[in-house]
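[1] Kindly return the folded structure for what I paste below:
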Amino acid sequence: MSESRGAALVVGVGPGLGMSVAHRLGREGYTVALVSRSGARHAGYVSSLAAAGVKAEAFAADVRDHDRLLTVVDTVAERYGPVGMVYYGPGSTDPESHPVPILQAGPGDVRRAMEWAYPAVEVAQRVLPGMVERGAGGLLFATGLSAVMPMPALGNLAILSSALRTYAVTLNAALAETGVYAGCLVIGGVIERGDIHEMVSAQPERYGPVAGMTLDPDVLADAAWEMYATRDRAEATFSVFG
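    I've put the predicted structure just below:
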């Protein structure tokens, strides 16, 4: 493991990409702070990281609970020093988070989807001043393929995906001379080991076969770190659709 780099915040951690990113950042020397809505799986997550030699702590917070989320960010900084890396990738399999097709998506549906984007801005605004002052740090955002490819069935979630992508690449341009990086992973596929993978695999009659439609979260996590380390692009697309 590399020497200590300070704190990394993994927002929206789950058993798929979130944990792969946590392990990858841990190997680079970060103390990892995990954030998800429920603490039910946190002990297992922290134990998995500890077994790999990664110092980690988990916090329960719904990203849409703005006060709680920012309290967690501040607590992490107080305990482990300034946040030097943020990964933002929350998602949900709850019915309320299911897409509404674009022809049926009204303003309320779009507002509900966008509630997952505003916390990304809040977290970024909380940590960016310190990163810019130090001349180092990074923010990585995960979004869906509908951000770059018209997918009418995803409707309101496509608008969310596009907003996150635009925010990430625009931040990247604004931060170009500061030493701070921002980037976006555009993901088109079912991430192995994740909650959506589990849901889809359990209902092939509804979602169809998952074979050939999956992405390895460890590969994505390695690519995310490479993007940050090389800073040669603001986004990268990973798609099973060619």
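
[2] drop to CA atoms for contacts and neighbour counts, all remaining ones
    Noted.

[3] what is the rounded mean pLDDT of the helix or strand containing residue 164?
    Assigned by DSSP states H and E, residue 164 falls within helix 155-174. Confidence over helix 155-174, taken as the mean pLDDT, stands at 97.

[4] What of stretch 100-110?
    Stretch 100-110 comes out with an average pLDDT of 96.

[5] before we move on, what about stretch 11-30?
    Per-residue confidence for stretch 11-30 averages out to 96 on the pLDDT scale.

[6] show me what contacts the residue nearest the centre of the chain?
    Among the residues of the chain, the smallest C-alpha distance to the mean C-alpha position (Cα atoms, centre = their mean) belongs to residue 89, namely 1.9 Å. For residue 89, the residues meeting the contact criterion (Cα atoms under 8 Å, 6 or more residues apart in numbering) are 10-13, 18, 141-143.

[7] circling back: what's the helix holding residue 164 packed up against?
    Secondary-structure packing of helix 155-174 (3 or more Cα pairs under 8 Å, 6 or more residues apart in numbering; DSSP states H and E): helix 107-114, strand 137-144, strand 180-188.

[8] buried residues in that helix?
    155-165, 167-169, 171-172 (16 or more other Cα atoms under 10 Å).

[9] Residue 181 against residue 173, yeah?
    No. Here residue 181 lies out of contact with residue 173, judged by Cα atoms under 8 Å, at a distance of 9.0 Å.

[10] host element of the residue of the chain most remote from its centre?
    Within the chain, the residue lying farthest from the chain centre (Cα atoms, centre = their mean) is residue 205, at 29.1 Å. Per DSSP H and E: residue 205 is located in helix 204-207.

[11] Identify the residues contacting that helix?
    Applying Cα under 8 Å, 6+ apart, the external contacts of helix 204-207 come out as 200, 210.

[12] let's see 6 Å
    Taking contacts as Cα atoms under 6 Å, 6 or more residues apart in numbering, the residues outside helix 204-207 that touch it are residue 200.

[13] Check which element follows that helix along the chain.
    The element immediately downstream of helix 204-207 (helix or strand, assigned by DSSP H and E) is strand 214-215.
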